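I need the structure of the sequence given here:
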Amino acid sequence: MGIQHELTLRATYVLVVATGIFEDSEAKQVFRDAIEAAAKHNLFKILIDCRGLRGAPGTVQRFDLSDSVSRFYHHSRVQAPNKALIRLAVVGSEPLIDRERFGETVARNRGVPLKVATSLEEALQWLELDDVD
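Model prediction:
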């Protein structure tokens, strides 16, 4: 039993709450669903809450996930009506979240505005959101 996720459209952002146990392909699907929903509904912020997700992906898994997220992201921007930048924030706990933020670095190096945080407040601040409404 891997990742379960619930996607909710808010007034100004997409909220995804992911729980369960980390699985590569399912993690990619979580990001794909979130990015596609944001592009489709003309929303420019995504918060992926992984605080209920367990696992410790290795470096290769983190690289592969971040590389896939980059491809989904750039493809969705081409398809989106206004081509605006969508900002993503992921919040979770170590060891799911890498202390060195390797995945964030990979995604950012590929042009994805992504913040990985271990506190909800940090993720909200980066997205310029007041609270999870």
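
Report all helices and strands that the helix ranked longest in the chain contacts.
The longest helix of the chain (DSSP state H) is helix 59-79. Under the contact criterion of 3 or more C-beta pairs under 8 Å, 6 or more residues apart in numbering; DSSP states H and E, helix 59-79 touches helix 24-40, helix 102-109. Just so you know, the C-beta spots here come from the backbone N, C-alpha and C atoms, and that holds for glycine as well.

After the lowest-mean-pLDDT helix or strand in the chain, which helix or strand is next?
Ranked by mean pLDDT, DSSP states H and E, the weakest helix or strand in the chain is helix 59-79, scoring a mean of 90. As assigned by DSSP states H and E, the chain's next helix or strand after helix 59-79 is strand 87-91.

What are the contacting residues of that following strand?
Residues outside strand 87-91 that contact it (C-beta atoms under 8 Å, 6 or more residues apart in numbering) are 31, 34-35, 44-51, 69, 73, 97, 112-120, 122-124, 126-127.

filter those residues to the buried ones?
31, 34-35, 44-50, 69, 73, 97, 112-118, 123-124, 126-127 (16 or more other C-beta atoms under 10 Å).

Look up phi and psi at residue 101.
Torsion angles at residue 101 (phi, psi; degrees, to the nearest 10) stand at phi 60, psi 40.

Each with direction, which strands does the top strand by length along the chain pair with?
Identified as the longest strand of the chain according to DSSP state E is strand 45-54. According to DSSP bridges, strand 45-54 has the following sheet partners: strand 14-21 (parallel), strand 87-91 (parallel).

when you compare where the shortest one runs with where helix 59-79 runs, what's the angle?
In terms of direction (axes from the mean of the first three to the mean of the last three C-alpha atoms, to 10 degrees), strand 87-91 departs from helix 59-79 by 150 degrees.

how far out from the middle of the chain is strand 87-91?
Centroid displacement of strand 87-91 relative to its chain, using C-alpha atoms, centre = their mean, to the nearest Å, is 5 Å.
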